[in-house]
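1. model the following, please.
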Amino acid sequence: MNFTKEFTPIEKSRMKLSITVKQDEVQNSYTLLTKKYAKQVQIPGFRKGKVPVAILEQKFGETLRAEAFDEVIQKVLEEVFESADKYTRPLPYSQPTLDGTPDFKLDSDMEFTLVYDVLPKVELAKVEGFTVTVPEVSVTDADILKELEAIQERNALVIDCDESAAAEKGNIVTVNYIELDDADAELADTKREGFVFTIGQYQSIYDIDDDIIGMKKNDEKVIVKNYPADYKNADFAGKTLKIKVTLTALKRKDLPAIDDDLAQDVSEKYKTLADLKESLTKNLTNQVADVVEQRKINGLLTQMAEANPIELPESMIKAELESRWMMLAQQLGMSPEDLDKLTGGSGSKLSKDGVTAEWRPEAEMRLKTRLIVETLLEERAITASPEDVEAEYASIAERTGTAVEEVKKYYDTNLRNKEYLIDSLKEKKLYAQLFEKSTIKTGEKLTAGQLLEEGAANV
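-> Presented below is the predicted three-dimensional model:
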């Protein structure tokens, strides 16, 4: 088509696209449209397909012009965006909008302007000279014992306590409960029967674990709880509640000894407890190394993002937050809509708006660092060779105790995962280059348990 275009970048990675379509193109599109309808429309007094164009224009002129203009706009935009580069075409989740209303005239050129979000163009002024501090982490005997105790827990038998036994921390209890009002009348809508939890893990909404300690099977007790103003459950914050509790079942875990037999129960490949400890130490060491490396990468990329300002388009941020909300719903085994309802809709900190508002700063930083990495990979033309991939297969096999051929088979039959693997290898090369031009300092000393607990708290 015969038209001119002009791209004008504006704030927050938005683009203004101004287009002028020559008058003959507009007139031709309108003429073809009227001829098509003249053959199809049926108007009283005229045979189908014999309606004069002048009559058609008299009755439907404004609608025809609007449709003709819409067709022109769509055809022009298809042509423009097909040849546009990644920095001038709209983001997939950014719908271009008209800036103003074009004049529907057939006797002059057609002019219109669109505004939309585009991929931010990253200009990296500083990529060297950063200082990153990472913790010094050791795998201690206490870390290994904690791992063994977790295995011990998973292999425990749950058995009934003696009828005379009193509940204690670590016991598994089954209770019925109901709230009472000020006159000790039961509030039917708060009734719950058969609620099971482990004392000390604080899994009940009332946090009555400590109040259950000492109760025996079939005991009934009225618990009075005073909740602080900043209590985690906003419905209880600053209130005093009376909860009538009946303990209907009391069980305990019969833990196996931490010995060779336990090691053999975990896997046939372990003959002794020493074998199991060696494996746990190796796995924990690898896990620590991965976490420390990721901390080092995050620290460097965060500094790079702060040193190289990037204007993110709003649609990109919203798409990232929406994706995270959908992932949360998936993890909870529900639809995003059901999650919206569960969190109470708008107006609370737990609502979608409240949660995504808290997520936003970290999401923006994640987007900026992703853009920086993609820009550097492209600028430096970093690739992963077949030899790099083969070496990574061998590394994965060694770390997981799997045959190399099995690893290769997995990735050869899961091509998307293989693409992720190749992307990861390219990023590793990039980070190696960046760290060569940065200073890495040793920070606080931590045990493996402390490091991993910090990581879990930040998830």
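
2. what's the residue closest to the geometric middle of this protein?
-> For the chain, R324 is the residue whose C-alpha lies nearest the centre (Cα atoms, centre = their mean; 3.0 Å).

3. what about K251, helix or strand, and which?
-> Per DSSP states H and E: K251 is located in strand 240-254.

4. who does that strand touch, helix- and strand-wise?
-> strand 157-160, strand 172-180, helix 209-212, strand 220-226 (3 or more Cβ pairs under 8 Å, 6 or more residues apart in numbering; DSSP states H and E). Every residue, glycine included, has its C-beta placed from N, CA and C.

5. please verify my assumption that G443 contacts T133.
-> Yes. Distance between G443 and T133: 4.2 Å, which falls inside the contact criterion (Cβ atoms under 8 Å).

6. related to what we said a few turns ago, am I right that the residue nearest to the centre of the chain is in contact with R366?
-> No. With contact defined as Cβ under 8 Å, R324 does not count as touching R366 (9.5 Å).

7. what sits closest to the residue nearest to the centre of the chain if chain neighbours are left out?
-> Closest residue in space to R324, ignoring its immediate chain neighbours: W359 at 6.0 Å, by Cβ to Cβ, 6 or more residues apart in numbering.

8. what comes up buried for the helix or strand encompassing E374?
-> For E374, the element it lies in under DSSP H and E is helix 352-379. Residues of helix 352-379 classed as buried by neighbour count (16 or more other Cβ atoms under 10 Å): 352, 355-356, 359, 363-364, 366-369, 371-373, 375-377.

9. partners of the strand holding K251, with directions?
-> Listed by DSSP bridges, the sheet partners of strand 240-254 and their directions read strand 157-160 (antiparallel), strand 172-180 (antiparallel), strand 220-226 (antiparallel).

10. need the ones you listed in JSON lines (columns: mean neighbour count).
-> Converted to JSON lines, the strands paired with strand 240-254 look like this (neighbours: other Cβ atoms under 10 Å):
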{"stretch": "strand 157-160", "mean neighbour count": "10"}
{"stretch": "strand 172-180", "mean neighbour count": "19"}
{"stretch": "strand 220-226", "mean neighbour count": "13"}
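
11. with mean pLDDT and distance to G200 added, can I get those strands in a markdown table?
-> Written out in a markdown table, the entries for the strands paired with strand 240-254 read as follows (pLDDT from 0 to 100; distance: least, Cβ to Cβ, whole Å):
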| stretch | mean pLDDT | distance to G200 |
| --- | --- | --- |
| strand 157-160 | 95 | 15 |
| strand 172-180 | 96 | 11 |
| strand 220-226 | 95 | 16 |
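
12. so E123 sits in a strand?
-> No. When the secondary structure is assigned by DSSP: H, G, I helix; E, B strand; the rest coil, E123 falls in coil instead of a strand.

13. which residues touch it?
-> Residues touching E123, when contacts are defined by Cβ atoms under 8 Å, 6 or more residues apart in numbering, comprise N308.

14. over to P90?
-> 15, 81, 96, 116-118.

15. one more pass at 7 Å, please.
-> 96, 116-118 (Cβ atoms under 7 Å, 6 or more residues apart in numbering).

16. any idea how far the helix holding E374 is from the chain center?
-> Averaged C-alpha coordinates place helix 352-379 at 11 Å from its chain's average position (Cα atoms, centre = their mean, to the nearest Å).

17. so for the helix or strand just after that helix, what's the average pLDDT?
-> Following the chain from helix 352-379 toward its C-terminal end, the next helix or strand by DSSP H and E is helix 386-400. Per-residue pLDDT over helix 386-400 has a mean of 93.

18. next structured bit after helix 386-400?
-> helix 404-412.

19. could you point out the helix or strand that follows that following helix?
-> Tracing the chain past helix 404-412, the next element assigned as helix or strand by DSSP H and E is helix 415-436.

20. how many other residues sit next to L284?
-> Number of residues near L284 (other Cβ atoms under 10 Å) recorded here: 20.

21. hang on, isn't it packed against V139?
-> Yes. With contact defined as Cβ atoms under 7 Å, L284 reaches V139; the gap is 5.1 Å.

22. so I297 is in contact with Y431, correct?
-> Yes. Shown here, I297 and Y431 form a contact pair, counting by Cβ under 7 Å, at 5.7 Å.

23. gap between K296 and F435?
-> With distances defined as Cβ to Cβ, to the nearest Å, the gap from K296 to F435 amounts to 7 Å.

24. for L328, same thing?
-> For L328, the distance to F435 equals 33 Å [Cβ to Cβ].

25. burial count for R295?
-> By the criterion of other Cβ under 10 Å, R295 has 19 neighbours.

26. wait, it touches V132, no?
-> No. No contact is recorded between R295 and V132 when judged using Cβ under 7 Å, the distance being 8.5 Å.

27. okay, and the common contacts of these two?
-> Taking Cβ under 7 Å, 6+ apart as the contact criterion, no residue touches both R295 and V132.

28. and the angle from the helix holding E374 to helix 415-436?
-> Between the axis of helix 352-379 and that of helix 415-436 there is an angle of 70 degrees, by axes from the mean of the first three to the mean of the last three Cα atoms, to 10 degrees.

29. what touches both of L284 and V139?
-> Jointly contacting L284 and V139 under the rule Cβ under 7 Å, 6+ apart are A448.

30. show me the strands in the stretch 1-150 of the chain, by range?
-> 3-10, 14-21, 97-98, 110-117, 131-138 (DSSP state E, counting those that start in this stretch).

31. how far does the second one sit from its chain's centre?
-> For strand 14-21, the distance from its own C-alpha centre to the chain's C-alpha centre is 34 Å (Cα atoms, centre = their mean).

32. that's all I had, so thanks and see you.
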